[in-house]
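K.L.:
Here is my input; please provide its structure:
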Amino acid sequence: VYLEETGGGSVRPGGSLRLSCTGSGANFRYFAIGWFRQTPGKEREGVACVSKGGGFRWLSNSVKGRFTVSRDHREETSSLQIDNLKPEDTAIYYCAAGRMSYDCSDKGIDRIDIVSWGQGTQVTVSS
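P.N.:
Got it, this is the predicted structure:
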């Protein structure tokens, strides 16, 4: 599956962004979708995932309460709504498709669970 993110940008602290991930090339509903972020010198960390059926959503403790993840099977998209942005949210954000044997659960998501990555979109939070 091919994934493409859109929606990144530069915002002030307290602002909001909505990142979108569009899938193509394979049946989008076969894949759990994860969202990761990475800053220079740090490992790519999973911050959110949504299950294949869309019924389960997980958020990491670092973003819980400010991020919302969703998916739309008809449109073959996933979205990451980010509210109350903080400077520490500055990163490149990636959407990713999970391996066929993986589904989103309360165990979260890790890089080892991923079979395909988007190209990433930059989010910068500064005053």
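
K.L.:
From now on I want contacts and neighbour counts done on CA atoms only, so please keep to that.
P.N.:
OK.

K.L.:
What residues does Ala97 make contact with?
P.N.:
Each residue near Ala97 by CA atoms under 8 Å, 6 or more residues apart in numbering is listed here: 1, 3, 31-34, 114-117.

K.L.:
Looking at the residues you listed, which gets the smallest pLDDT?
P.N.:
Lowest pLDDT within the contacts of Ala97 is found at Val1 (91).

K.L.:
count of neighbours near Ile114?
P.N.:
Look at Ile114: counted by other CA atoms under 10 Å, it has 19 neighbours.

K.L.:
got the contact list for the nearest residue to it once chain neighbours are set aside?
P.N.:
Among residues not flanking Ile114 along the chain, Gly98 sits closest, at 4.3 Å (CA to CA, 6 or more residues apart in numbering). Gly98 sits next to 31-34, 113-116 when contact means CA under 8 Å, 6+ apart.

K.L.:
rerun that using 6 Å as the cut-off
P.N.:
Each residue near Gly98 by CA atoms under 6 Å, 6 or more residues apart in numbering is listed here: 31-32, 113-115.

K.L.:
ok, now Gly23?
P.N.:
Residues in contact with Gly23, defined by CA under 6 Å, 6+ apart, are 2-3, 76.

K.L.:
Repeat the analysis, applying 10 Å as the threshold.
P.N.:
Counting by CA atoms under 10 Å, 6 or more residues apart in numbering, Gly23 makes contact with 1-5, 29, 31, 33, 73, 75-78, 95-97, 118.

K.L.:
Please identify which helix or strand holds it.
P.N.:
For Gly23, the enclosing helix or strand under DSSP states H and E is strand 17-24.

K.L.:
Partner strands of the next helix or strand after that strand, with direction?
P.N.:
As assigned by DSSP H and E, the chain's next helix or strand after strand 17-24 is strand 33-38. When sheet partners are counted by DSSP bridges, strand 33-38 sits next to strand 45-50 (antiparallel), strand 91-98 (antiparallel).

K.L.:
which parts of the helix or strand following the last one are buried?
P.N.:
What it means is strand 91-98. For strand 91-98, the following helix or strand on the C-terminal side (DSSP H and E) is strand 114-117. Under the neighbour-count criterion of 16 or more other CA atoms under 10 Å, strand 114-117 has 114, 116-117 buried.
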